[in-house]
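In: Here is my input; please provide its structure:
(one chain, ligands or ions: 2)
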Amino acid sequence: MQLNLFLPQADTASQPTFLPLPDAEVAYYSNWIKASEADQLRQQLEAELPWRQDTIKLFGKAVKIPRLQSWHGEESCVYTYSGLTMRPHPWHPVLLMLKKRCSKVTHTPFNSALANWYRHGQDSMGMHADDEPELGTEPTIASVSLGHARPFIFKHRYSGEKYVKLLEHGSLLIMAGKTQQYYTHGIAKTAKPIDGRINLTFRYINSREAEK
Ligand SMILES: O=C(O)CCC(=O)C(=O)O
Ligand SMILES: [Fe+2]
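Out: Ligands and ions are numbered 1, 2, ... in the order given. Presented below is the predicted three-dimensional model:
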């Protein structure tokens, strides 16, 4: 049913690849944004978003998360993540432009975006699913990557099977359907001396759910 989300659009530069993940719906567009524009967007977001390094509680201890983050969207989009409640910053023009482009591809609305800046190979994101109640049961999440390509790891929650997809500069990854119910995902650290990467995940937050 949801596969029509991914019908090729006349105005998108690339055609999607559907990842061979049982129980999930994931589409990948490489070169979704052409390299010269992606370079410029990355520079602008690095310079202009109000980046911060948050602290979360892990086994009762305060730990700095290994990356910088910035949360944007409509005022009602308060988001709770690893026990951290984030109030959104207003939309940045680049985020608003990309949000509209993502909605065109997915035919779904987005009202918020989480920006993550992996400054180097030691920045990472632990395995998790974007399955908070405020995202709904089958969220469509659009993930735009800018900068050094990093392997994105999927792990099936029941079979344990892993699948790795390299998320390239200017790419778009769409996760939909039961992807969050059946898989966790994350970005591992690497000892390689690599350049930074920004990832943007566009989401739809149902603020009524968040209050329950
Ligand atoms: O950096 C990425 O590609 C993953 C980001 C992610 O999983 C998230 O923001 O929830
Ligand atoms: Fe995620």
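
In: in the sheet, who's paired with the residue in the chain that ligand 1 sits nearest to?
Out: Closest residue of the chain to ligand 1, CB to the nearest ligand atom: Asn199 (3.3 Å). C-beta coordinates here come from the backbone N, C-alpha and C atoms, glycine included. Beta-bridge partners recorded for Asn199 (DSSP bridges): Asn116, Ser145.

In: Local confidence estimate at it?
Out: At Asn199 the predicted local confidence, pLDDT, stands at 98.

In: how many neighbours does it have?
Out: Neighbours of Asn199 under the rule other CB atoms under 10 Å: 21.

In: State whether it and Ala115 are indeed in contact, as I suppose.
Out: Yes - with contact defined as CB atoms under 8 Å, Asn199 reaches Ala115; the gap is 7.4 Å.

In: and Glu134, helix, strand or coil?
Out: Secondary structure, DSSP: H, G, I helix; E, B strand; the rest coil: Glu134 is helix.

In: doesn't Asn111 make contact with it?
Out: No - counting by CB under 8 Å, Glu134 stays clear of Asn111, with 10.7 Å between them.

In: I'd like the distance between the residue of the chain closest to ligand 1 and Phe152.
Out: From Asn199 across to Phe152, the span is 9 Å (CB to CB, to the nearest Å).

In: so which helix or strand takes in Ser143?
Out: strand 141-147 (DSSP states H and E).

In: Overlap in contacts, Asn199 and Phe152.
Out: Common contacts of Asn199 and Phe152 (CB atoms under 8 Å, 6 or more residues apart in numbering): 167, 187.

In: residues from the chain in reach of ligand 1?
Out: 114, 116, 125, 130, 143, 152, 167, 185, 187, 199, 201 (CB under 6 Å from any ligand atom).

In: JSON lines please, covering these and showing secondary structure.
Out: Shown next, in JSON lines, are the residues of the chain next to ligand 1 (three-state DSSP):
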{"residue": "Leu114", "secondary structure": "strand"}
{"residue": "Asn116", "secondary structure": "strand"}
{"residue": "Met125", "secondary structure": "strand"}
{"residue": "Asp130", "secondary structure": "coil"}
{"residue": "Ser143", "secondary structure": "strand"}
{"residue": "Phe152", "secondary structure": "strand"}
{"residue": "Leu167", "secondary structure": "strand"}
{"residue": "His185", "secondary structure": "strand"}
{"residue": "Ile187", "secondary structure": "strand"}
{"residue": "Asn199", "secondary structure": "strand"}
{"residue": "Thr201", "secondary structure": "strand"}
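
In: Quick check: bridge partners of Cys57?
Out: Heads up, residue 57 is Lys, not Cys. Ala62.

In: what separates it from Arg150, distance-wise?
Out: Separation of Lys57 from Arg150 (CB to CB) stands at 26 Å.
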